[in-house]
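*Asks:* No letters, just coordinates:
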């Protein structure tokens, strides 16, 4: 019979993605083969490892909801949106968009540092503002001070009707771990 290792070798060799392999492997269980519910791709394979890591950073901001500070998969690090409070004073926000932007960027820096990265590894940023027209320009002035002018990440900025703690701003990021 076909072993799980043989099945994986055949599937990878025939252009199936790891997600397809898991589905196919579960389907083979119907025919009496023991399924492998999780697997790590062989180092010789051209495919990459798709293990996900869920990070909670020591000394990081206190989550306002059930989530991880960051989730990592295949070298990509997805950093949860951060609020403008501080780890020392959860739920207490500074006044004004400039101070709130600085706190959010500091919190994001703390999370990135906690997973061994920095702002130089950020590829994409999403910013959410509750007072878009009023806060967009001053937020940009503060935000851009955290990056070199020739190394600005791709970005989206969205106006929204509300954020946790009645914050004026929330920012999330995607970073790439160097190979």
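*Replies:* Yep, that arrived. Keep in mind it's a predicted model, so treat the numbers as computed, not measured. Numbers count the residues shown, from 1 in each chain.
*Asks:* residue ranges of the helices in this structure, please?
*Replies:* Along the chain, counting by DSSP state H, helices occupy 4-13, 18-28, 97-114, 132-144.
*Asks:* Lowest average confidence across those, which one?
*Replies:* Here those differ in mean pLDDT, and the lowest is helix 18-28 at a mean of 35.
*Asks:* Not counting its neighbours along the chain, what's nearest the residue most central in space within the chain?
*Replies:* When Cα atoms, centre = their mean is applied to the chain, the residue found nearest the centroid is residue 78 (0.7 Å). Leaving out its chain neighbours, the residue that sits closest to residue 78 by Cβ to Cβ, 6 or more residues apart in numbering is residue 71, at 5.0 Å. Where C-beta positions appear, they are placed from N, C-alpha and C, glycine not excepted.
*Asks:* Now do the same contact list for the one you found.
*Replies:* Contacts of residue 71 were listed using Cβ atoms under 8 Å, 6 or more residues apart in numbering, and they are 52-55, 77-78.
*Asks:* Just send those back as JSON lines, with pLDDT and distance to residue 121 too.
*Replies:* Putting the contacts of residue 71 into JSON lines (pLDDT from 0 to 100; distance: Cβ to Cβ, whole Å) gives the following:
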{"residue": "52", "pLDDT": "94", "distance to residue 121": "18"}
{"residue": "53", "pLDDT": "93", "distance to residue 121": "15"}
{"residue": "54", "pLDDT": "95", "distance to residue 121": "19"}
{"residue": "55", "pLDDT": "95", "distance to residue 121": "14"}
{"residue": "77", "pLDDT": "98", "distance to residue 121": "8"}
{"residue": "78", "pLDDT": "98", "distance to residue 121": "12"}
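*Asks:* Most neighbours among those residues, which one is it?
*Replies:* Using other Cβ atoms under 10 Å as the neighbour criterion, residue 77 leads these with 24 neighbours.
*Asks:* bridging residues for that residue?
*Replies:* residue 72, residue 175 (DSSP bridges).
*Asks:* Could I get the contacting residues of it?
*Replies:* Contacts of residue 77 by Cβ under 8 Å, 6+ apart are 55, 70-71, 112, 115, 117, 121, 174-177.
*Asks:* and these, which are buried?
*Replies:* Neighbour-count burial (16 or more other Cβ atoms under 10 Å) applied to the contacts of residue 77 gives 55, 70, 112, 115, 117, 121, 174-175.
*Asks:* Identify, from those, the entry nearest to residue 161.
*Replies:* The shortest gap between residue 161 and any of those belongs to residue 174, at 24.3 Å (Cβ to Cβ).
*Asks:* Tell me the predicted confidence for the closest one.
*Replies:* Looking at residue 174, its pLDDT reads 98.
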